[in-house]
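Q: Give the three-dimensional model of this entry:
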Amino acid sequence: MFDAQQENIQKRYALLWVFVICVFLVRLFVVFFSGIPLGVDEIQYAVWSKHVAWGYHSKPPFIAWVIASSTALIHGYPLAQVRLFSPVCYLITSILLYATAKRLFCREVAAWVLFSFTVLLAVSFGALLMSTDALLLMFWSLALYLCVRVLEKSSVFNWVILGIAIGVGSLAKYTALIFWVSLIVFFIIQSDKRYLLKSPYLYLSILISAAVLLPNILWNAQHHFASLGHLLHHNVNITGPSFHLGRLFNFLFSQLGVFSPIFFPLLIWLLFRKSYVNQDWRFNFLRCFSLIMLVAICIEALLARAYANWAVVAYASGIIVVVHYLVTSKQQVWLKINAYAMVLVMCVVYIAILAVGINHLPHKWVPKTLRRSHAWKLFGHDVAMLHQIYPHAKFIFNDRKYWAPIVYYSGIPYNQILAYDNAFDFAADTVASFLNYHVDSYIQLSPHTDIANTMKLLKIHYIDGRFWAVSTYHWMDYPTEFVTEYHPLFAGPSYYVSGYDNTTFQSFYSFYRLSLSHLYMTAPLTQRSLLHEVPLHQQYIYITDRMYPELSLPLSFHIEPLNNMLPNLPHSEVINAYLLKPKEL
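A: Presented below is the predicted three-dimensional model:
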């Protein structure tokens, strides 16, 4: 009888591994044949992978290295070249979490951890796209497993491998460094492990991880600390002592989708459950690696903002906490409900994508970022056409996220498409920064489309050594004429107003009369021009409509084409429709 039960259990475990491998193979198949277009971030990583370095503008370099490797391995599948290792990383992560749970508790808990993690919605969708989270989760889970081994046997070898794992993880995403914070906090609160704070092996391991990251630190030092600037201004972005309860609520609500509507509330309850405080070291260990990350991201959401995926590593240990509780309390029914629901959603989505293709799915089912991808292809073809007309001209983008898709889809040499991120004065995109080149003639492309008007090739008027664009707007029953001065790689325009009482704007700008036609000119609060001299022969192609928050007015520019020298962009209307009116398609 006992032997029959054991054989039955072994069959279940074997079927579980068959299921995990089958899911992995299905995800690989979807990656190769679904046709899901690359997102802007994926395109950026793909461009980086063609120019391998120790760092990039917004991320450490490991993801570019991985894509470069997958590109060398396979040919003829451009989407799979970028995404090949994403399902591989999630498979390895699930195996590492299984090994960690088995080492900490038992085989049954480990099996449920393996099953539950494999079918999480965040994993099912994340495995189809290449992101730094896939790499971070893999190295974080490896570090968790190695840390358990360290706590069982504090050998030099285990500490060295742990340091390497965290170091390489930080080359994937700097968030990996929080692992050390969590581990040290655990040593502090766990009295029977506090002696490890005095262990030289701990500090040796930290030094090893720092040594692995050192080349990226040196790269940043040579490039104006571009990655640090992006981290502070884009990710942290704390502008003052204000609180955003709505953003905190949005982040917490989003975690129901990331970690499941059953698991996330249960995890929060378990993390703060008093009876867990006095449990053995295993529970405090797992709690530290979940709670510290969640608290850090919640604080960031409250003070600035936080995206749904930023706390994803908290669930590597969190899923073990939840599964262990449900298994030991004989409430596996919730594990089954959660798993079956996740499997159902995963199957429906995968079948829909493979059966009809993402381009034929109902429009509202497709994320906005993917809807825009087709527009970027068309825009890239248009820029390639302009490159044929002006083969020696430089193309300059004043927004980093637009630079990568155009490089990728236009096929133009990357050193002819330059970029500057206007979010910060000092932060140039270091793959193809205009600061690295002498630019005396260029085409500036700014495909911002905040207002739904036809995109046109525009000419900037050159008057008295300065460039101007004119627009009229009827505001509060006053016909108002706006003249906007454009600086090369402008960080912000200057505003000119006529036909309205200037005193209304006194709190925003100071005004003075200018002997230029009939215009009144505002003195801009700041003048940030990166090029001091503007050559007469500069050629602009300015493709934009903008919303100016300073005036709370939508401005639309309607200026004649550049002496009809340039052909109309054949896909302008299509791009405009994809970017601005997706519901009408």
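
Q: Phi, psi for Y56 please.
A: phi -140, psi 180 (degrees, to the nearest 10).

Q: now do the one 4 residues further on
A: As for P60, its main-chain torsions (degrees, to the nearest 10) stand at phi -70, psi 170.

Q: I'd like to know how many residues surround it.
A: For P60, the neighbour count with other C-beta atoms under 10 Å is 27. C-beta coordinates here come from the backbone N, C-alpha and C atoms, glycine included.

Q: how about it, what does it touch?
A: P60 is in contact with 170-174, 213, 216, 227, counting by C-beta atoms under 8 Å, 6 or more residues apart in numbering.

Q: Try it again at 7 Å.
A: 170-174, 216, 227 (C-beta atoms under 7 Å, 6 or more residues apart in numbering).

Q: mind checking how far it is from H223?
A: Applying C-beta to C-beta, to the nearest Å, the value for P60 to H223 is 13 Å.

Q: same deal with Y195?
A: Counting by C-beta to C-beta, the separation of Y195 from H223 is 42 Å.

Q: just L196 next, same as before
A: 37 Å.

Q: Those two: who's more crowded?
A: Ranked by neighbour count (other C-beta under 10 Å), L196 and H223 place H223 first, with 21 against 18.

Q: C-terminal to the host helix or strand of L248, what's the next element?
A: Here L248 sits within helix 245-259, counting by DSSP states H and E. Going down the chain from helix 245-259, the next helix or strand is helix 263-271, by DSSP H and E.

Q: what residue ranges in the stretch 1-150 of the chain score low on pLDDT?
A: The stretch 1-150 of the chain contains residues with pLDDT under 70 at 1-4.

Q: Repeat that for the stretch 351-500 of the chain.
A: 355-376, 378-379, 382, 386, 389-390, 392-402, 418-500.

Q: biggest helix in this structure, by residue count?
A: Counting by DSSP state H, the longest helix found in the chain is helix 2-33.

Q: in it, what's buried?
A: Residues 16, 20, 23-24, 26-28, 30-31 are the ones in helix 2-33 that count as buried (16 or more other C-beta atoms under 10 Å).

Q: Using TSV, please lay out those residues together with distance to A308.
A: Converted to TSV, the buried residues of helix 2-33 look like this (distance: C-beta to C-beta, whole Å):
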residue	distance to A308
L16	28
V20	25
V23	22
F24	24
V26	24
R27	20
L28	25
V30	22
V31	22
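
Q: so which of these would you say is closest to G318?
A: When those are compared for distance to G318 (C-beta to C-beta), V20 wins out at 19.8 Å.

Q: returning to what we had before: mind checking which of the contacts of P60 are in helices?
A: 170-172, 216, 227.

Q: Farthest pair within these?
A: A172 and S227 (12.8 Å).

Q: who's more crowded, the two?
A: A172 (26 against 23).

Q: you'd agree that one is up against F62?
A: Yes: between A172 and F62 there is a contact under C-beta atoms under 7 Å: 4.2 Å.

Q: residues bridging contact with those two, i.e. touching both?
A: L135.

Q: And L344, what's its pLDDT?
A: As predicted, L344 sits at a pLDDT of 93.

Q: which residues make contact with stretch 100-115 from outside it?
A: For stretch 100-115, using C-beta under 7 Å, 6+ apart, the contacting residues are 13, 16, 20, 94, 97-98, 144-145, 148, 282, 319-320, 323-324, 327, 335, 339.

Q: Okay, and which of those map to strands?
A: With strands defined by DSSP state E, no entry of those lies inside them.
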